[in-house]
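Novice: With the input below, show me the fold.
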Amino acid sequence: MLDLDDIHSGYGETRILHGVSLNVAVGEVVTILGRNGVGKSTVLKTIMGLLPCLEGKIIFDGEQLNAAQPFEVAARGIAYVPETRDIFPSLSVLENLELPLSLKAGRQGEWTLERVFSFFPHLASRKQNGGAQLSGGEQQMLAIGRALLLNPRLLILDEPTEGLAPIIIREIHDKLTELKDEGLTILLVEQNFGFATSLADRCYLLGKSVVQWSGSAEEIKKDKDAQHRWLGV
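Specialist: Numbers count the residues shown, from 1 in each chain. The predicted model follows:
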């Protein structure tokens, strides 16, 4: 479904990625692991058109996305949940969720407001609360719910457990497992090694701005040398 071929990207004149290649097949959960600052989030932002792809190719479902704007990437079926969540604090939960519906950017599919509220009961009980009134876990649920309302073919998540309490992390894990079991394709950046490898089918380890290791989740769990060298665990 998604192929990154030798992509280079960065901020202004500063290059962060120096030839990253990876792929995600239909129905897979793929995770990108690595220490802070190696470019994991940069990969996701480059896919979404938030940063320029300076060299290489980004191919989604057979189409090149190199020059696509973020709204065009979303319209083609990729939903993105950034590390900062980016919900609108002055809008209610319901209003936040109505945005993708009003923009009509999403694909036709099974995700509706009713299903999101059933999937995340916390949101159903707080639909009239403002975004700023939500806990960190509720904000993450809102960000994921908003992304699902685009009825994406590919869901991209950047550090979904960042700053969350263990009990909420378990809940997010369970919900992502449900999405995986339904066949949704997911690309995940995550620092929590146990969380990431328990969800993922395959993993890529970034180091020094390129992919240093790739393989199955089971393989990286056993490869202590790769863990120590590229993750510091």
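Novice: How much space separates residue 5 from residue 115?
Specialist: According to CB to CB, to the nearest Å, residue 5 and residue 115 sit 36 Å apart. For the C-beta atoms, the positions are set from N, CA and C on the backbone; glycine is no exception.
Novice: ok, now residue 72?
Specialist: Applying CB to CB, the value for residue 72 to residue 115 is 26 Å.
Novice: same thing with residue 90?
Specialist: 25 Å.
Novice: Those two - which one has more neighbours?
Specialist: For residue 90 versus residue 115, neighbours defined as other CB atoms under 10 Å are more numerous around residue 115 (14 against 10).
Novice: so who does the more buried one touch?
Specialist: Not one residue lies near residue 115 by CB atoms under 8 Å, 6 or more residues apart in numbering.
Novice: In the helix or strand it falls within, which residues are buried?
Specialist: Per DSSP states H and E, residue 115 falls inside helix 113-119. Neighbour counts over helix 113-119 (16 or more other CB atoms under 10 Å) mark 113, 116, 117, 119 as buried.
Novice: helix or strand for the closest residue to the second one other than its chain neighbours, which one?
Specialist: Same thing as residue 116. Using CB to CB, 6 or more residues apart in numbering and skipping residues adjacent in sequence, the residue nearest residue 116 is residue 145, 4.1 Å away. Following DSSP H and E, one finds residue 145 within helix 136-148.
Novice: helices and strands around that helix, which ones?
Specialist: strand 78-81, helix 93-103, helix 113-119, helix 121-124, strand 154-158, helix 166-181 (3 or more CB pairs under 8 Å, 6 or more residues apart in numbering; DSSP states H and E).
Novice: now with 6 Å?
Specialist: strand 78-81, helix 93-103, helix 121-124 (3 or more CB pairs under 6 Å, 6 or more residues apart in numbering; DSSP states H and E).
Novice: out of these, nearest to residue 221?
Specialist: With CB to CB, the closest approach to residue 221 among the helices and strands packed on helix 136-148 belongs to strand 78-81: 25.1 Å.
Novice: what's in contact with the closest one?
Specialist: With contact meaning CB atoms under 6 Å, 6 or more residues apart in numbering, strand 78-81 is reached by 48, 143, 144, 147, 150, 152, 154, 155, 156, 157.
Novice: is it true that residue 123 touches residue 93?
Specialist: Yes: if you go by CB atoms under 6 Å, residue 123 and residue 93 touch, sitting 5.5 Å apart.
Novice: So for those two, which sits in the more crowded spot?
Specialist: Each of residue 123 and residue 93 has its neighbours counted (other CB under 10 Å); residue 93 has more, 29 against 23.
Novice: Confirm that residue 21 sits in a helix.
Specialist: No: Residue 21 is assigned strand when assessed by DSSP: H, G, I helix; E, B strand; the rest coil, not a helix.
Novice: Show me what the least confident helix or strand in the chain by mean pLDDT is packed up against.
Specialist: Using mean pLDDT, DSSP states H and E, helix 93-103 stands out as the lowest-scoring helix or strand of the chain, at a mean of 85. If you count contacts as 3+ CB pairs under 6 Å, 6+ apart, helix 93-103 packs onto helix 136-148.
Novice: The residue most central in space within the chain pairs with what?
Specialist: Centroid-nearest residue in the chain: residue 157, 1.5 Å away (criterion: CA atoms, centre = their mean). Residue 157 forms beta bridges with residue 81, residue 188, as assigned by DSSP bridges.
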